[in-house]
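Asker: here are the coordinates; sequence isn't available:
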Ligand code: G6P
């Protein structure tokens, strides 16, 4: 085990640091910004059919479901296909209306999650074509889907998903362009988006340099038992994932919210010194999220802001400012998630917990 861990203390830390390399593998041979081409080997036999799909249904559990929520934004924006995201465990017990032309996509790191497998069977019975976005090659879900795209991020040992989650988001961004390229996306738009995607591993490398800052923030706040994570748009799911990471490994209660929803209830929780992580990377919602930060600050909350272009307003509103590299706004979850992983990891360590063996959790849940 020690040899495998190399210079790292835990698999979670090792896998967080591996992410630039993992995502290079995910993108390798698939994306070429120069020619504006995407090659997804697993879908080659499927290519003709793809243009017939009219809507997309994504499903998964845990972090895979969060990746699906990000995928929803990407597919609606880039492929202009109405997209729905479901928890596998819920999908199965409702009456999922699978209309003709539905492309269902199962998202799973392990490829063995019982709820996702059961949902796959349910939507298939109802006539959907099912693709898989899976890491574990040859796993049950990979075998049972009609076709799919592997993550290729390598085995993930840490119970709390890190590199697989980013791998899922990366595959979904490729898939969104892949589905959109025959429709309205121009060659230039594709080429620009893909070159931004190719730069993500490097941006994550830079983001990893924030580890000591995240460690400091974690130690400062890990005594607080309630945290909020706020984001808007495509970074609302980033907030959900950040909160889940913290819960999984540090047992601190955290809630992720679309920032504007805070005023409809959760704002009552904010008291002096409550840590509130706000993802405020630049996009159309930036000014709005500044007002949400103001709401937190004026009630005594301590804002931890994840930004990619700091300005005087941020400095005024947040005592803790974490600056990540700028990216194409739709790709910002890939970078903004990294400091949140580091925050959860160090919060757990500061509480003396074993991040690789969090209580009550299993890497893959094979019971329904
Ligand atoms: C478990 C893991 C989570 C994971 C979820 C879905 O609960 O602890 O980290 O996100 O299962 O797993 P899957 O293998 O289907 O992605």
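Answerer: Structure's in. What do you need? If you're wondering where the values come from, they're calculated on a predicted model, not measured in any experiment. Numbers count the residues shown, from 1 in each chain.

Asker: Residue 104 reaches residue 125, doesn't it?
Answerer: No. The pair residue 104 and residue 125 fails to qualify as a contact (CB atoms under 8 Å) at a distance of 11.3 Å. From N, CA and C alone the C-beta is placed, and that goes for glycine too.

Asker: For these two, work out which one has more neighbours and name it.
Answerer: residue 104 (29 against 9; other CB atoms under 10 Å).

Asker: Identify the residues contacting the residue of the stretch 51-200 of the chain found nearest the ligand.
Answerer: Using CB to the nearest ligand atom, the closest approach of the stretch 51-200 of the chain to the ligand is made by residue 62 at 2.8 Å. Residues near residue 62 by CB atoms under 8 Å, 6 or more residues apart in numbering: 161, 244.

Asker: Can you tell me how far it is from residue 139?
Answerer: According to CB to CB, to the nearest Å, residue 62 and residue 139 sit 16 Å apart.

Asker: I figured residue 109 hits residue 163, correct?
Answerer: No. At 9.2 Å, residue 109 does not count as touching residue 163 under the criterion of CB under 8 Å.

Asker: what sits in contact with each of those two?
Answerer: Counting by CB under 8 Å, 6+ apart, the residues touching both residue 109 and residue 163 are residue 156.

Asker: backbone phi and psi for residue 191, please?
Answerer: phi -60, psi -40 (degrees, to the nearest 10).

Asker: ok, now which ones touch the closest residue in space to it that isn't next to it in sequence?
Answerer: Of all residues not flanking residue 191 in the chain, residue 36 sits nearest, at 4.1 Å (CB to CB, 6 or more residues apart in numbering). Residue 36 makes contact with 181, 187, 188, 190, 191, 194, according to CB under 8 Å, 6+ apart.

Asker: Narrow these to those that are buried.
Answerer: By neighbour count, with 16 or more other CB atoms under 10 Å, these hold 181, 190, 191, 194 as buried.

Asker: need these in a markdown table with pLDDT, distance to the ligand and secondary structure, can you?
Answerer: Listed next are these as a markdown table, based on pLDDT from 0 to 100; distance: CB to the nearest ligand atom, whole Å; DSSP: H, G, I helix; E, B strand; the rest coil:
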| residue | pLDDT | distance to the ligand | secondary structure |
| --- | --- | --- | --- |
| 181 | 90 | 27 | coil |
| 190 | 97 | 28 | helix |
| 191 | 97 | 31 | helix |
| 194 | 98 | 26 | helix |
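
Asker: Among the residues you listed, which one sits closest to residue 14?
Answerer: Using CB to CB, residue 194 comes nearest to residue 14 of the buried ones among the contacts of residue 36, at 28.7 Å.

Asker: got a list of what the closest one touches?
Answerer: 31, 32, 33, 36, 38, 177.

Asker: which among these end up buried?
Answerer: Applying 16+ other CB under 10 Å to the contacts of residue 194 flags 31, 33, 36, 38, 177 as buried.

Asker: So the third one versus residue 178, what's the distance?
Answerer: Right, residue 36. Residue 36 sits at a distance of 12 Å from residue 178 (criterion: CB to CB).

Asker: and what of the fourth one?
Answerer: As for residue 38, its distance to residue 178 is 5 Å (criterion: CB to CB).

Asker: next one: the first one
Answerer: Taken as CB to CB, the spacing of residue 31 relative to residue 178 amounts to 10 Å.

Asker: list residues touching both of those two?
Answerer: Joint contacts of residue 31 and residue 178 (CB under 8 Å, 6+ apart) are residue 38.

Asker: For residue 226, give its distance to the ligand.
Answerer: Distance of residue 226 to the ligand, given as CB to the nearest ligand atom, to the nearest Å: 22 Å.

Asker: wait, that residue sits on residue 246?
Answerer: No. Look at residue 226 against residue 246 with CB under 8 Å: they stay out of range, at 10.6 Å.

Asker: more neighbours, those two?
Answerer: Ranked by neighbour count (other CB under 10 Å), residue 226 and residue 246 place residue 246 first, with 29 against 14.

Asker: any idea of the pLDDT on that one?
Answerer: With respect to pLDDT, residue 246 scores 98.

Asker: Spell out which residues of the stretch 251-368 of the chain are next to the ligand.
Answerer: By CB under 6 Å from any ligand atom, the residues of the stretch 251-368 of the chain that approach the ligand are 361, 363, 364, 365.

Asker: rerun at 8 Å
Answerer: 361, 362, 363, 364, 365 (CB under 8 Å from any ligand atom).

Asker: quick one: the closest residue to the second one other than its chain neighbours and residue 346, what's the gap?
Answerer: Once its chain neighbours are removed from consideration, residue 362 has its nearest residue in residue 159; the separation is 7.2 Å (CB to CB, 6+ apart). Counting by CB to CB, the gap between residue 159 and residue 346 amounts to 17 Å.

Asker: For the two, indicate the residue with more neighbours.
Answerer: More crowded of residue 159 and residue 346, by other CB under 10 Å: residue 346, with 23 against 18.
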